[in-house]
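A.B. asks: What would the 3D arrangement of this be:
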Amino acid sequence: MNTFPRPSPSVARGRGSPAPDVLCLQETKVPDELFPEKAFRKLGYEHIAFHGQKGYHGVATIARRPIEVVEKRRFCEIDDSRHLSVTVKAGGKTILLHNFYVPAGGDEPDPAVNRKFKHKLDFVAEMNAVRAEHDEHSGSILVGDLNIAPLEHDVWSHKQLLNVVSHTPVETENFEAMRLSGDWVDLMRLNVPYEEKLYTWWSYRAQDWQASNRGRRLDHIWSSPNLVPHFAGYEILRLARGWERPSDHVPVIGRFNLDSFVSP
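C.D. replies: The predicted structure follows:
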């Protein structure tokens, strides 16, 4: 899960935060008519958009401030509810917010024998059409479970995971090429040394995930270049991995001080 929260003037990575303005959820696993709107409304999230279906799919964007649905894009000619974009106003500007759930890709990293892996590669290729649109009145943010750990230190062992889906060269190279061609900025790596390990996911297969710490960075926050000066930090809520019945992904919170948004 990634979030686009209310602006904060100065919050360092790892510090506590107020409730986010916007929640972006992935793998909601529920058709739209069964989405638990009432539960979120009780928490103050009155503005809800979703693109869901039964099974391991679905995305939802839930906000305290008004949002407007822009698109529920269909990828690879498959109706599997993996994208939702909305606009939200902040600082008198319009932010286009993309919420993505990229296919996991199965276990075998060979598109010739694994149709799930081929689907994943084709999906990322189509993401080249999703650009970081921006001008003096607007900007773009892209978040989600993108299911690819692109950099060497986004995984616990670059060497051992080179043939493991989520970190194979064909995935990481195409993923980074897509990000750069769309003019997206990888915000989570802005002020983090390349050599520092950075994870948002720990496998269910580990007997003791915390002791082994074999993680991957599969969840991402990107923005258009004009929002970089307004990025105020992020948190990876690692402790959530130890909750009762946890997800293998942990929440990621991104902060933007958009009330002072002036495009460079």
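A.B. asks: now the helices for the stretch 51-200 of the chain?
C.D. replies: 115-126, 169-181 (DSSP state H, counting those that start in this stretch).
A.B. asks: can you redo the ones you listed as TSV with mean pLDDT, mean neighbour count and distance to residue 226?
C.D. replies: From N, CA and C alone the C-beta is placed, and that goes for glycine too. Shown next, in TSV, are the helices of the stretch 51-200 of the chain (pLDDT from 0 to 100; neighbours: other CB atoms under 10 Å; distance: least, CB to CB, whole Å):
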stretch	mean pLDDT	mean neighbour count	distance to residue 226
helix 115-126	98	18	25
helix 169-181	98	16	16
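A.B. asks: Could you report the pLDDT at the residue nearest to residue 35 when sequence neighbours are not counted?
C.D. replies: Distances taken as CB to CB, 6 or more residues apart in numbering put residue 50 closest to residue 35, at 4.9 Å, once the chain neighbours are dropped. You'll see residue 50 listed with a pLDDT of 97.
A.B. asks: in its sheet, what does the host helix or strand of residue 50 sit against?
C.D. replies: Assigned by DSSP states H and E, residue 50 belongs to strand 47-51. Strand 47-51 pairs in its sheet with strand 59-63 (antiparallel), by DSSP bridges.
A.B. asks: Mind checking the pLDDT average for the partner strand?
C.D. replies: 98.
A.B. asks: Name the residues that touch that strand?
C.D. replies: 21-26, 28, 35, 40, 45-52, 67, 81-84, 86, 88, 97, 99-101, 144 (CB atoms under 8 Å, 6 or more residues apart in numbering).
A.B. asks: Also stretch 153-167?
C.D. replies: 104-109, 117, 120, 147-149, 152, 168-169, 171, 194-199, 213-218.
A.B. asks: for the protein, what are the low-confidence residue spans?
C.D. replies: Residue ranges of the chain with pLDDT under 70: 1-18, 260-264.
A.B. asks: ok, what's across the strand from residue 252?
C.D. replies: Beta-bridge partners of residue 252, as defined by DSSP bridges: residue 2, residue 236.
A.B. asks: Make sure it is actually in contact with residue 236.
C.D. replies: Yes: under the criterion of CB atoms under 8 Å, residue 252 makes contact with residue 236 at 5.5 Å.
A.B. asks: what is in contact with those two at once?
C.D. replies: residue 200.
A.B. asks: Now stretch 225-245: buried residues?
C.D. replies: Going by neighbour count (16 or more other CB atoms under 10 Å), the buried part of stretch 225-245 is 226, 227, 230, 231, 232, 233, 234, 235, 236, 238, 241.
A.B. asks: want to throw those residues into a markdown table with distance to residue 162 and secondary structure?
C.D. replies: Listed next are the buried residues of stretch 225-245 as a markdown table, based on distance: CB to CB, whole Å; DSSP: H, G, I helix; E, B strand; the rest coil:
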| residue | distance to residue 162 | secondary structure |
| --- | --- | --- |
| 226 | 35 | helix |
| 227 | 33 | helix |
| 230 | 36 | helix |
| 231 | 31 | strand |
| 232 | 35 | strand |
| 233 | 31 | strand |
| 234 | 27 | strand |
| 235 | 29 | strand |
| 236 | 24 | strand |
| 238 | 25 | helix |
| 241 | 25 | helix |
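A.B. asks: Which residue ranges of the stretch 51-200 of the chain form strands?
C.D. replies: Assigned by DSSP state E, counting those that start in this stretch, the stretch 51-200 of the chain shows strands spanning 59-63, 67-71, 83-90, 93-101, 138-145, 185-186.
A.B. asks: by how many degrees do the fourth one and strand 67-71 diverge?
C.D. replies: Using axes from the mean of the first three to the mean of the last three CA atoms, to 10 degrees, the direction of strand 93-101 lies 60 degrees away from that of strand 67-71.
A.B. asks: Report the distance from stretch 193-205 to the chain centre.
C.D. replies: 15 Å (CA atoms, centre = their mean, to the nearest Å).
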